[in-house]
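Colleague: Kindly return the folded structure for what I paste below:
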Amino acid sequence: MRGAIFGTIIAASAAMVGCATSTNDYSPPKVSQIENSKFVKKPFDGVWDGLVKELSSDFFVINNIDKNSRLINISFSSQRPSDFVDCGTTTRTFTNARGENKYVYKTADGSEFTAANKQGHVFNVRRATRLEGRSNIYVAPENDGTNVTVNTKYVVTVTMSGSTLDGRVVPTETFTFDPSTKQPYTTDQVTCVATGNIEERILRAAK
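Modeller: A predicted model of the protein is given here:
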């Protein structure tokens with residue numbers, strides 16, 4: 001996955017181990033429908049006040065509340081993005097005269113592995129990931145109750161750093177995946193989707 005991302009690292013690596021090879025396999029996530037709306041059979045004012053109270057006591061940061069517009073905007077972050085987005089699974093192997101090492105990790109999360117390019121240049125790579133999210137929550141009277149709808153934008157930032165086997169640091173690269181509640185992030189190299197955990201957590205707070 002993300003072959004271009006390793007281009008700088010591979011080109012800069014000068015350490016070599018004879019007959020070192022790498023493989024890289026990517027398995028995309030399953031894309032499923034996320035429930036992001038809930039009907040609460042209670043008056044608007046009570047649902048609104050209760051929801052604001054619950055959100056304030058959770059890990060969310062409330063950025064804006066506008067009762068007249070019926071909107072609440074919140075943000076959150078995580079060092080383990082896979083709690084909230086699924087970007088599939090990556091399986092890597094590194095083989096040299098000493099044997100084979102296999103690295104399996106959730107693509108949304110951080111990882112460390114050793115890899116080689118086609119010329120046998122070997123480097124150690126560290127992937128550090130972080131998630132930032134923002135949710136718009138719309139709360140509106142509907143018939144004899146209140147409807148609550150959540151839409152979330154996720155941004156997963158991946159920072160790649162590496163070094164050659166003799167300890168020389170190679171340039172760091174950063175890239176992002178940005179799925180939303182209803183819209184996967186898809187390229188020819190990776191797919192990321194929301195898990196629905198945040199949406200469910202917010203809707204649970206509306207009662």
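Colleague: Now the element after the lowest-mean-pLDDT helix or strand in the chain, going C-ward?
Modeller: When the helices and strands of the chain are compared on mean pLDDT, DSSP states H and E, helix 7-12 comes out lowest with a mean of 42. Counting by DSSP states H and E, the next helix or strand C-terminal to helix 7-12 is strand 21-27.
Colleague: the helices in this protein, which residues?
Modeller: With DSSP state H as the criterion, the chain has helices at 7-12, 44-56, 197-205.
Colleague: Show me which of these has the highest average neighbour count.
Modeller: helix 197-205 (a mean of 19; mean count of other CB atoms under 10 Å). (Glycine included, C-beta is placed from N, CA and C.)
Colleague: Give me the contacts around it.
Modeller: With contacts defined as CB atoms under 8 Å, 6 or more residues apart in numbering, helix 197-205 is touched by 34-38, 50-51, 54-55, 58, 74, 76, 83-84, 133, 135, 137, 148, 150, 152, 181.
Colleague: Now do it, average pLDDT.
Modeller: For helix 197-205, the mean per-residue pLDDT is 97.
Colleague: And stretch 52-69, by the same measure?
Modeller: 96.
Colleague: Please apply the same query to stretch 124-131.
Modeller: The pLDDT scores in stretch 124-131 average 96.
Colleague: C-alpha coordinates for that stretch, CSV please?
Modeller: The C-alpha trace of stretch 124-131 is given here as CSV (Å, rounded to 0.1, in the frame of the first residue of the first chain):
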residue,chain,number,x,y,z
ASN,A,124,13.3,0.5,9.5
VAL,A,125,10.0,2.3,9.3
ARG,A,126,7.7,3.8,12.0
ARG,A,127,4.1,4.8,11.2
ALA,A,128,2.6,7.1,13.8
THR,A,129,-1.2,7.8,13.5
ARG,A,130,-3.6,10.2,15.0
LEU,A,131,-7.3,10.9,14.5
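Colleague: Phe175 - nearest residue in space that isn't next to it in sequence?
Modeller: Val158 (5.5 Å; CB to CB, 6 or more residues apart in numbering).
Colleague: pLDDT score assigned to the one you found?
Modeller: Looking at Val158, the pLDDT reads 97.
Colleague: who are the neighbours in contact with it?
Modeller: With CB under 8 Å, 6+ apart, Val158 has these contacts: Arg127, Ala128, Thr129, Thr174, Phe175, Thr176, Phe177.
Colleague: picking that back up, now the helices of the chain in JSON lines, with distance to Asp109?
Modeller: Below are these laid out as JSON lines (distance: least, CB to CB, whole Å):
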{"stretch": "helix 7-12", "distance to Asp109": "19"}
{"stretch": "helix 44-56", "distance to Asp109": "26"}
{"stretch": "helix 197-205", "distance to Asp109": "15"}
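Colleague: And those helices: which comes nearest Pro29?
Modeller: helix 197-205 (13.5 Å; CB to CB).
Colleague: Just the CA atoms of the closest one, as CSV, please.
Modeller: This file holds the C-alpha atoms of helix 197-205, laid out as CSV (Å, rounded to 0.1, in the frame of the first residue of the first chain):
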residue,chain,number,x,y,z
ASN,A,197,-18.9,4.0,17.2
ILE,A,198,-18.9,7.8,17.6
GLU,A,199,-22.4,8.1,16.1
GLU,A,200,-23.7,5.4,18.4
ARG,A,201,-22.0,7.0,21.4
ILE,A,202,-23.6,10.4,20.7
LEU,A,203,-27.1,8.9,19.9
ARG,A,204,-26.9,7.0,23.2
ALA,A,205,-26.5,10.3,25.0
